[in-house]
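Peer 1: sequence? don't have it. structure:
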């Protein structure tokens with residue numbers, strides 16, 4: 001439980017309290033803050049002016065109008081608070097993305113009360129506006145820009161409402177323990193898959209023979225038409241020709257040591273491009289990073305393991 005000293009610290013108004021676990025979080029008076037908007041401040045000034053006029057001229061009608069407007073002003077505070085009070089918020093899941101792509105974070109909202117929640121706004125870097133009917137649930141997706149690989153934290157999520165008259169803004173800032181994995185940005189250049197000599201097993205391709213497929217290389221004039229990898233060409237991966245050998249099963253190895261680049265990030269980007277192209281071409285491939293070696297395999301699960309290793313390298 002937060003102490004009184006901790007509850008009055010200014011950072012709670014802006015950064016909010018951290019949610020220790022991604023469990024359903026009910027919004028109570030401890031998490032909801034209210035301040036007058038610019039319209040509300042103008043409304044307050046009007047009340048003061050009317051009160052001064054009523055006092056100076058001792059006018060009962062002016063007093064009646066002043067108290068009527070003031071009652072609306074103070075009742076609006078209660079309605080603004082109730083627009084958020086009791087709302088249940090829970091962080092959802094996020095899907096991995098490549099660096100430079102905005103990652104989407106799902107936020108689940110649950111209104112267990114019989115009162116509809118009007119004009120809710122939920123904000124991360126973008127703002128989603130919605131109305132939540134009584135006894136209903138919905139999911140809002142908020143996006144955050146990514147610039148580098150690794151774990152990307154969602155940061156502060158703010159739920160706010162200026163209902164009903166826009167005189168007050170009630171808001172609740174929450175810092176969920178919510179993050180998404182960001183893969184390296186794939187290299188833009190379509191480089192051919194690496195190829196090593198026949199005796200090197202851990203780099204490039206496995207040993208060659210006479211009839212077995214062992215890899216691909218960029219199409220060269222004179223290569224047989226029947227060896228063109230039309231499936232990769234149809235997917236926009238470039239024009240490649242299949243290479244055949246014999247004696248051993250086909251294996252291709254994607255090795256960090258065989259990438260080209262001026263720095264680590266450029267080499268990881270190239271390796272990321274190879275992983276994507278190998279998966280799209282339906283190849284079985286091994287994967288090598290310094291300190292990590294994954295045996296040849298294919299499919300979505302293998303590709304995900306490779307991309308996760310690149311993101312966390």
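Peer 2: Alright, I've got the coordinates. Keep in mind it's a predicted model, so treat the numbers as computed, not measured.

Peer 1: low-confidence ranges in this structure?
Peer 2: 1-21, 190, 195-227, 229-230, 232-233, 235-238, 240, 242-251 (pLDDT under 70).

Peer 1: all helices of the stretch 201-313 of the chain, in order?
Peer 2: For the stretch 201-313 of the chain, the helices defined by DSSP state H, counting those that start in this stretch cover 230-234, 264-280, 300-311.

Peer 1: ok, residues contacting the last one?
Peer 2: So that's helix 300-311. 96, 149-150, 181-184, 254, 268, 271-272, 275-276, 279, 287, 289, 292, 294 (Cβ atoms under 8 Å, 6 or more residues apart in numbering). For the C-beta atoms, the positions are set from N, CA and C on the backbone; glycine is no exception.

Peer 1: returning to what we had before: output the helices of the stretch 201-313 of the chain as JSON lines; include the columns distance to residue 129 and mean neighbour count.
Peer 2: As requested, the helices of the stretch 201-313 of the chain are arranged in JSON lines below (distance: least, Cβ to Cβ, whole Å; neighbours: other Cβ atoms under 10 Å):
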{"stretch": "helix 230-234", "distance to residue 129": "42", "mean neighbour count": "13"}
{"stretch": "helix 264-280", "distance to residue 129": "36", "mean neighbour count": "21"}
{"stretch": "helix 300-311", "distance to residue 129": "33", "mean neighbour count": "17"}
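
Peer 1: these: which one's closest to residue 171?
Peer 2: Closest to residue 171 of those is helix 300-311 (Cβ to Cβ; 33.6 Å).

Peer 1: and the closest one with helix 264-280, angle?
Peer 2: Helix 300-311 runs at 170 degrees relative to helix 264-280, counting by axes from the mean of the first three to the mean of the last three Cα atoms, to 10 degrees.

Peer 1: how far does helix 300-311 sit from the chain's center?
Peer 2: Here helix 300-311 is found 18 Å from its chain centre; the criterion is Cα atoms, centre = their mean, to the nearest Å.

Peer 1: returning to what we had before: which one of the helices of the stretch 201-313 of the chain lies nearest to residue 112?
Peer 2: Of all the helices of the stretch 201-313 of the chain, it is helix 300-311 that lies closest to residue 112, at 36.7 Å by Cβ to Cβ.

Peer 1: sorry, back to before: residue 48: which of the helices of the stretch 201-313 of the chain is closest?
Peer 2: Smallest distance to residue 48 across the helices of the stretch 201-313 of the chain (Cβ to Cβ): 58.1 Å, for helix 300-311.

Peer 1: name the helices or strands packed onto the helix or strand that contains residue 105?
Peer 2: For residue 105, the element it lies in under DSSP states H and E is strand 103-111. On a contact count with 3 or more Cβ pairs under 8 Å, 6 or more residues apart in numbering; DSSP states H and E, strand 103-111 meets strand 88-91, strand 117-123, strand 127-132, strand 136-144, strand 156-161, strand 179-183.

Peer 1: so what are the sheet partners of it and their directions?
Peer 2: Partner strands for strand 103-111, per DSSP bridges, with pairing direction: strand 88-91 (antiparallel), strand 136-144 (antiparallel).

Peer 1: could those be laid out in TSV, adding distance to residue 259 and mean neighbour count?
Peer 2: Shown next, in TSV, are these (distance: least, Cβ to Cβ, whole Å; neighbours: other Cβ under 10 Å):
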stretch	distance to residue 259	mean neighbour count
strand 88-91	36	19
strand 136-144	29	17
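
Peer 1: nice, that's everything, thank you.
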